[in-house]
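Undergrad: sequence and computational prediction follow.
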Amino acid sequence: MLSFEEDERNDPERRWLRKESTGNGSDDEESFSDDKILLRKTREVAPDRSLGGSEIVKEDGINIQRTILGFCDACGDRLGEEIVVCRLDGKKVCPGCAIRYEHRKICPDCLMRKKPLSKHEFEILTCYAKGLKRRQVHEITKIPIKEIKSAENYLYDRGYISKRLLEGFKITADGIDIILAYSQVFKDEQIANMKTEIDSFLGPAR
Ligand SMILES: [Zn+2]
Ligand SMILES: [Zn+2]
């Protein structure tokens with residue numbers, strides 16, 4: 001765990017804490033002559049699955065604002081106000097990394113663990129969803145025919161495609177679900193280009 005203290009004089013975010021009056025007066029040792037107590041601030045990286053946050057702790061008579069910084073367990077970005085907690089393993093991820101799958105939000109790790117799909121398999125499945133034939137899939141994705149064939153077996157075993165005649169496959173409902181889930185994982189330029197190519201290949205009528 002990382003921990004460091006900041007020099008509050010140089011900290012633009014420095015805050016003064018106003019001690020709240022509790023009104024019961026029983027807390028003499030805890031009260032202060034001055035109602036403004038300068039905080040020392042510490043910042044730590046939140047451990048896995050911790051949401052982070054801020055709390056005031058007291059050490060040697062000094063109030064310390066302990067800020068636990070939360071980072072997305074998937075991409076590592078600093079977490080803001082919006083945090084998604086994976087429904088399966090409790091990891092915390094940013095909204096950009098959360099995957100919507102079967103009506104719940106999960107993290108990319110859980111999707112890949114539970115329903116593994118490689119990028120090539122995703123590309124091939126996307127092509128079959130559009131009704132392309134194996135040869136056309138190869139032309140668009142440049143994936144070797146041999147690899148396409150073995151991917152077909154995998155996709156068929158998983159129930160994402162059903163067999164059809166003439167080297168074509170029909171996408172199943174599970175196949176559509178998995179495409180929707182993985183289109184939230186594979187969203188780079190190459191995939192966008194592939195979709196454009198498929199569309200121009202199929203022509204404006206489709
Ligand atoms: Zn993220
Ligand atoms: Zn998860």
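TA: Good, I have the coordinates. Bear in mind that the values here come from a model prediction, so they are computed numbers and not experimental data. Numbering: from 1, shown residues only. Ligands and ions are numbered 1, 2, ... in the order given.

Undergrad: so for stretch 95-105, what gets flagged as buried?
TA: Residues of stretch 95-105 classed as buried by neighbour count (16 or more other Cβ atoms under 10 Å): 97-99, 101. Bear in mind the C-beta positions are built from the backbone N, C-alpha and C, glycine included.

Undergrad: run through who's touching stretch 197-206.
TA: Surrounding stretch 197-206, the residues in contact under the criterion Cβ atoms under 8 Å, 6 or more residues apart in numbering are 126-127, 130-132, 136, 140.

Undergrad: mind redoing it with 6 Å?
TA: Outside stretch 197-206, the residues that touch it by Cβ atoms under 6 Å, 6 or more residues apart in numbering are 130, 140.

Undergrad: now do the buried residues in that stretch.
TA: When neighbours are counted by 16+ other Cβ under 10 Å, the buried residues of stretch 197-206 are found to be Ile198.

Undergrad: and the furthest pair within the buried residues of stretch 95-105?
TA: Taking Cβ to Cβ as the measure, those span a maximum distance of 12.9 Å, between Cys97 and Tyr101.

Undergrad: what about Ile176, how many neighbours?
TA: Ile176 has 13 neighbours, counted by other Cβ atoms under 10 Å.

Undergrad: wasn't it part of a helix?
TA: Yes: secondary structure assignment (DSSP: H, G, I helix; E, B strand; the rest coil) places Ile176 inside a helix.

Undergrad: check the residue nearest to it when sequence neighbours are not counted and give its pLDDT.
TA: In space, Ile176 comes closest to Ala129 once its chain neighbours are excluded; the distance is 6.8 Å by Cβ to Cβ, 6 or more residues apart in numbering. At Ala129 the predicted local confidence, pLDDT, stands at 94.

Undergrad: and what of Asp35?
TA: You'll see Asp35 listed with a pLDDT of 48.
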